[in-house]
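Visitor: Coordinates for the following, if possible.
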Amino acid sequence: MHHGCRTDARHFFYRPFYETKRGHIVGLATTVENMRDGLPISQVARLFPLFEYEGIVVEPGRRSIQPGQNLIVVGWHSLFIDADPDSVSGPELPASVGTAKFGRIVRLNDRCCLRINGKRKRAVVNSVTKRRYEPFRPERGDRRRQEEIDYGVIRRCFRGPTENTIVMEGLHRLGTLAAAKVATDPVFLEAVLDAIRKLDGYDEAAPLEILVRGEFDDDDDEIYSLARVRAVPVAMVYNAQWVYDFVDGLEWRDQLPWNVHIAAAGEADPQPVPSRHRDTIVPRLELRADFRDHEVDLPRLCRDLLGDDCRAQAEQKPPSEEAATRLIEALIAESDSFDIELWDASRKGEKPWVRYLPEGAGTAIRGVRTRFLIHLVVCRLLGCPFRVTAANIRRNYPDFQRELRGKTPEEQDRDLESRFIGQVAGRLSEGFAPLVGSSRRKRNYLSRRFNRATRSYTLKLERAVLVLKLRF
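Guide: Residues are numbered from 1 along each chain as shown. Reported below is the predicted structural model:
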């Protein structure tokens, strides 16, 4: 696929339809109209002109329909499933298809987070963040010129060759038309494709959702037309977790709440951060790890010692040294699961910049230094020093061992400890220079302090706030 071609975005978004040249575009039928959302359906159908795409047909939803493997549903999906007269304004009643044939859109909706809730008063609700998007319609007789506003949602999931599904639905007909406009506009689809290229490990079998805002300059005839409806994508959600803001951010953000979200600054004790809080403090060193697929032991330790919500964390008692040691060792054993980022303000007052650490090549010794930094961070948050002992190093740093022949066990222990201090703790700036490297203008973000009497390291927060996020 040639990325320089604008048609690539359309091919990407409707790939199974273009490749197989087969599929169904199904619109909602009612007792009054054969095709309730005719205008958005015709807009989608224009993507597949005859005679090249004779196998892609447009049909009204009905009980006798036999939906194909490639399916585009246009209209509020619940009306295809459940013939509930209370869900429809006006005299028309939906000709429900039922879940037996359209169960795939029920499964898709269950995996998504942008839900259309309500009957008479509908709204798009993000089930993760609880944010609501409500329509607006001017009161009749209001002389002020106001725009009608509605929202729509586009859902996409390709589980070929059996279930390749796209749903375009709105709170009302304006929202459905706005969703169809965005889903057929090459400029918007190119922006969608550009955003997806920024995702790591994108899987088209995971649900992709696009929230659309539609505006219509209402007048006496109240007739929608493509030219008079302005439609723009507001946000996109991938796999109900990652959200991309088309309006402000132009970057992916993790929207799932963290079970553990704590922060510490200076010499103060760590404090829980309110759920769904968006970190804005800079500079900060942020460590994140997702243990949802991990064995049960580590999540249980985290819950027992750190709590699994903000209130539980606030009421948590300091753990015993033995319990803290178990948790610390369990966390650093999963050091490869952590993302480490350094955030700071930009010089020009724009959005903060971020550096992903460690920098440079991922060598074995750099992996040991990464684990050591995580070790220092967790020790700082739990109020425990890092003691430099041969037993500690052997237990937690199995890759950093080299037994010397001809030396006594005591001499080997001293050699191991001195090498660890010199090659790991003493050279932490190799890979973490932005964090601990010397600077003539400003003091370091943080520093490590070595107590010779107790042979232990502690982490001192100079400028950066320390943030730890765990999900399990």
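Visitor: Tell me the confidence at the residue nearest to residue 101 when sequence neighbours are not counted?
Guide: In space, and not counting its chain neighbours, residue 101 is closest to residue 67: 5.7 Å by Cβ to Cβ, 6 or more residues apart in numbering. Every C-beta, even on glycine, is put in place using the N, C-alpha and C of the backbone. pLDDT recorded at residue 67 is 85.
Visitor: quick one: residue 67 and residue 108, what's the gap?
Guide: Separation of residue 67 from residue 108 (Cβ to Cβ, to the nearest Å) stands at 13 Å.
Visitor: For the top helix by length along the chain, the averaged confidence score.
Guide: If you go by DSSP state H, the chain has its longest helix at helix 364-382. Averaging pLDDT along helix 364-382 gives 93.
Visitor: what packs against that helix?
Guide: strand 260-264, strand 284-290, helix 321-332, strand 338-344, strand 386-387, helix 429-436, strand 456-461, strand 465-471 (3 or more Cβ pairs under 8 Å, 6 or more residues apart in numbering; DSSP states H and E).
Visitor: correct me, but the residue nearest to residue 101 touches residue 25?
Guide: No. Using Cβ atoms under 8 Å, residue 67 is not in contact with residue 25, being 10.5 Å away.
Visitor: Contact partners for residue 235?
Guide: 210, 211, 243, 244, 245, 246, 247 (Cβ atoms under 8 Å, 6 or more residues apart in numbering).
Visitor: farthest-separated two in those?
Guide: Within these, 210 and 247 form the most distant pair, 12.8 Å apart (Cβ to Cβ).
Visitor: So which of these two has more stuff around it?
Guide: Legend: neighbour count by other Cβ atoms under 10 Å for residue 210 and residue 247, higher for residue 210 (26 against 10).
Visitor: Which stretches in the chain count as helices?
Guide: Along the chain, counting by DSSP H, helices occupy 7-13, 15-20, 38-45, 77-81, 99-111, 173-184, 186-197, 297-306, 310-314, 321-332, 364-382, 390-396, 409-420, 429-436.
Visitor: For the longest one, buried residues please.
Guide: If you call a residue buried by 16 or more other Cβ atoms under 10 Å, then helix 364-382 has these buried ones: 366-382.
Visitor: and that helix, how far from the chain's centre?
Guide: Its chain's C-alpha centre and that of helix 364-382 lie 26 Å apart, by Cα atoms, centre = their mean, to the nearest Å.
Visitor: I'd like the C-alpha coordinates of it written as CSV, please.
Guide: This file holds the C-alpha atoms of helix 364-382, laid out as CSV (Å, rounded to 0.1, in the frame of the first residue of the first chain):
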residue,chain,number,x,y,z
ALA,A,364,22.3,-6.3,29.2
ILE,A,365,24.0,-3.9,31.6
ARG,A,366,21.5,-1.2,30.8
GLY,A,367,18.7,-3.6,31.7
VAL,A,368,20.4,-4.1,35.1
ARG,A,369,20.6,-0.4,35.6
THR,A,370,16.9,0.0,34.7
ARG,A,371,16.0,-2.6,37.2
PHE,A,372,18.1,-0.8,39.8
LEU,A,373,16.3,2.5,39.1
ILE,A,374,12.9,0.8,39.5
HIS,A,375,14.3,-0.7,42.7
LEU,A,376,15.2,2.7,44.1
VAL,A,377,11.8,4.2,43.1
VAL,A,378,9.8,1.4,44.8
CYS,A,379,12.0,1.6,47.9
ARG,A,380,11.5,5.3,48.1
LEU,A,381,7.7,4.9,47.9
LEU,A,382,7.7,2.2,50.6
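Visitor: just the angle between it and strand 465-471, please?
Guide: Angle, helix 364-382 to strand 465-471, by axes from the mean of the first three to the mean of the last three Cα atoms, to 10 degrees: 100 degrees.
Visitor: same check, this time on the last one
Guide: Between the direction of helix 429-436 and that of strand 465-471, the angle (the same axes, to 10 degrees) works out to 110 degrees.
Visitor: Let me know the average pLDDT across helix 429-436.
Guide: In this model, helix 429-436 has a mean pLDDT of 89.
Visitor: Against which helices or strands is that helix packed?
Guide: Other helices and strands packing on helix 429-436, by 3+ Cβ pairs under 8 Å, 6+ apart, are strand 353-357, helix 364-382, strand 446-451.
Visitor: List the buried residues for it?
Guide: Buried, per 16+ other Cβ under 10 Å, within helix 429-436: 430, 431, 432, 433, 434, 435, 436.
Visitor: out of those residues, which one sits closest to residue 183?
Guide: Comparing these against residue 183 with Cβ to Cβ places residue 434 closest, at 41.9 Å.
Visitor: which ones are touching the closest one?
Guide: Contacts for residue 434 (Cβ under 8 Å, 6+ apart) come out as 342, 355, 357, 359, 445.
Visitor: List only those of those flagged as buried.
Guide: 342, 357, 445.
Visitor: any idea how far residue 170 lies from residue 253?
Guide: According to Cβ to Cβ, residue 170 and residue 253 sit 25 Å apart.
Visitor: Check residue 346 too.
Guide: Residue 346 is 18 Å from residue 253, by Cβ to Cβ.
Visitor: And for residue 241?
Guide: For residue 241 relative to residue 253 (Cβ to Cβ), the value is 10 Å.
Visitor: Comparing these two, which shows the higher neighbour count?
Guide: residue 241 (16 against 12).
Visitor: tell me the contacts of the more buried one?
Guide: Residues in contact with residue 241, defined by Cβ under 8 Å, 6+ apart, are 128, 254, 255, 256.
Visitor: what do you get if the cut-off is 7 Å, keeping everything else the same?
Guide: By Cβ atoms under 7 Å, 6 or more residues apart in numbering, the contact list for residue 241 reads 254, 255, 256.
Visitor: Which of the residues you listed fall in strands?
Guide: Secondary structure defined by DSSP state E assigns residue 254 of the contacts of residue 241 to strands.
Visitor: What subset of the contacts of residue 241 is buried?
Guide: Looks like the contacts of residue 241 have 255, 256 buried, using 16+ other Cβ under 10 Å.
Visitor: out of the contacts of residue 241, which one sits closest to residue 77?
Guide: Distances from residue 77 to these, taken by Cβ to Cβ, are shortest for residue 255, at 22.5 Å.
Visitor: buried ones in stretch 417-431?
Guide: Across stretch 417-431, burial judged by 16+ other Cβ under 10 Å covers 417, 420, 424, 425, 428, 430, 431.
Visitor: how much space between the fourth one and residue 302?
Guide: Spatial separation of residue 425 from residue 302 under the definition Cβ to Cβ is 26 Å.
Visitor: repeat for residue 355
Guide: For residue 355 relative to residue 302 (Cβ to Cβ), the value is 27 Å.
Visitor: Would you tell me which strand is longest in the chain?
Guide: The chain, longest strand under DSSP E: strand 147-159.
Visitor: Quick one: low-confidence residue ranges for the stretch 1-150 of the chain.
Guide: Within the stretch 1-150 of the chain, the segments meeting pLDDT under 70 span 1-7, 31, 82-94, 140-145.
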